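Participant: okay, predicted coordinates and the sequence, questions at the end:
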Amino acid sequence: MKYISTIALIAIIIAVSVVGGMFFIVDETQQAIVTQFGKPVGKPITTPGLHMKLPFIQDTNYFDRRFLAWDGDPNQIPTKDKRFIWVDTYARWRIADPLLFFQRLRDERRAQSRLDDILDGETRNAIAKHVLIELVRSTSPEDAEKKEDTGSLKHIRFGREKLEQEVLKAASSRVTDLGIEILDFKFKRINYVEEVRREVYARMISERKRIAEQYRSEGAGEAARISGEKDRELKTITSEAYRKTQEIRGRANSQAADIYAAAYNKDPEFYRFTRTMESFTKIMDDNTTLVMSTDGDLLKYLEGVK
């Protein structure tokens, strides 16, 4: 009886092991490959749920379905104009073909190592083909045309975003046979080595000074133009006012002469008397001593008063 119980217990354990080994679960974040003696069997399993396999002789290999991160190591890379810079990059990728991925790379560790070689290499190639200014500028040629100050942007043909797309395109063409897809590539940080940093700062200062001098020159020119217009308008107004005053003074003198002439013609003696009295008030004061001739008009009128 005890022997029968032991056999039954062993049978139950074997049955549970067989049944447990037949089923496996793939969740929403995974995809799987079933292998038999190390070789893939059937198609990749990409739908989540409960799946079956042969126990003991088949194994399940799980791979991530989510977007995965690749973070490159900072490297010192020379540009086309022989300037050394530190470049730190990152990318996003995913396993697009799990069967091909398993056959070529087996696991994510080897995939990350392969991406190190591909992305670092293409980054070096792209940077070596372009000058420094195209790496630090993110302006595209279309945007550069809209700038008011395009003097420093005329020689920029690509810009940083174009270079990122260039690296992404070149690297993507090299991973198609690895079962992976590179989704995005970015320059996380670009920094200058100390020697280049000093040159760049000096260039930035010189550029800012050039722009400042340009603005000062334009401002001085505009100020001179405004001042010239002001002086011209002031002279125009002054000359017009002087012309009008002279016309008014001329008409007044003419009218005064007419009035004097009319008064003289009506009573010459009275006119002569009033003019003499006017001159008398202008030439005499309390301290004036006069020496007059006997035939002068002034003495004649004074004697007449007596």
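Facilitator: Looks like it came in fine.
Participant: my read is R94 is in a strand, agree?
Facilitator: Yes - applying DSSP: H, G, I helix; E, B strand; the rest coil, one finds R94 inside a strand.
Participant: adjust the sequence numbering to begin at 27 for everything that follows.
Facilitator: In the new count, where the first residue is 27, that last one comes out as R120.
Participant: separation between it and F128?
Facilitator: R120 sits 15 Å away from F128, going by C-beta to C-beta, to the nearest Å. In short, each C-beta sits where N, CA and C put it, glycine included.
Participant: which residue ranges form the helices in the stretch 127-276 of the chain?
Facilitator: Per DSSP state H, counting those that start in this stretch, the stretch 127-276 of the chain carries helices over the ranges 134-154, 158-162, 167-172, 186-198, 220-292.
Participant: can you pull the pLDDT of N101?
Facilitator: pLDDT recorded at N101 is 87.
Participant: what sits closest to it if chain neighbours are left out?
Facilitator: Once flanking residues are discounted, N101 sits nearest to V113: 5.8 Å by C-beta to C-beta, 6 or more residues apart in numbering.
Participant: which element, helix or strand, includes the closest residue to N217 other than its chain neighbours?
Facilitator: Sequence neighbours aside, W112 is the residue nearest to N217 in space, at 4.4 Å (criterion: C-beta to C-beta, 6+ apart). Assigned by DSSP states H and E, W112 belongs to strand 110-121.
Participant: who does that strand touch, helix- and strand-wise?
Facilitator: Using 3 or more C-beta pairs under 8 Å, 6 or more residues apart in numbering; DSSP states H and E, the elements in contact with strand 110-121 are strand 94-97, strand 101-104, helix 134-154, helix 186-198, strand 206-218, helix 220-292.
Participant: who wins for proximity to I59 among the ones you listed?
Facilitator: Among those, helix 134-154 comes nearest to I59, with 13.6 Å by C-beta to C-beta.
Participant: any buried residues in the closest one, and which?
Facilitator: Neighbour counts using 16 or more other C-beta atoms under 10 Å place 137, 140-141, 144-146, 148-149, 152-153 of helix 134-154 among the buried residues.
Participant: now for the residues you listed: which two are most distant?
Facilitator: A137 and I153 (23.9 Å).
Participant: thinking again about what came up before, please save the CA atoms from the strand holding W112 in PDB.
Facilitator: The C-alpha trace of strand 110-121 is given here as PDB (Å, rounded to 0.1, in the frame of the first residue of the first chain):
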ATOM      1  CA  PHE A 110      38.200  68.700 -30.700                       C
ATOM      2  CA  ILE A 111      34.900  68.600 -28.800                       C
ATOM      3  CA  TRP A 112      33.300  66.300 -26.200                       C
ATOM      4  CA  VAL A 113      30.100  64.700 -27.600                       C
ATOM      5  CA  ASP A 114      27.600  62.800 -25.400                       C
ATOM      6  CA  THR A 115      24.700  61.100 -27.300                       C
ATOM      7  CA  TYR A 116      21.700  59.000 -26.600                       C
ATOM      8  CA  ALA A 117      19.200  57.000 -28.700                       C
ATOM      9  CA  ARG A 118      16.000  55.000 -28.500                       C
ATOM     10  CA  TRP A 119      15.500  51.600 -30.100                       C
ATOM     11  CA  ARG A 120      13.300  48.500 -30.100                       C
ATOM     12  CA  ILE A 121      13.400  44.900 -31.000                       C
END
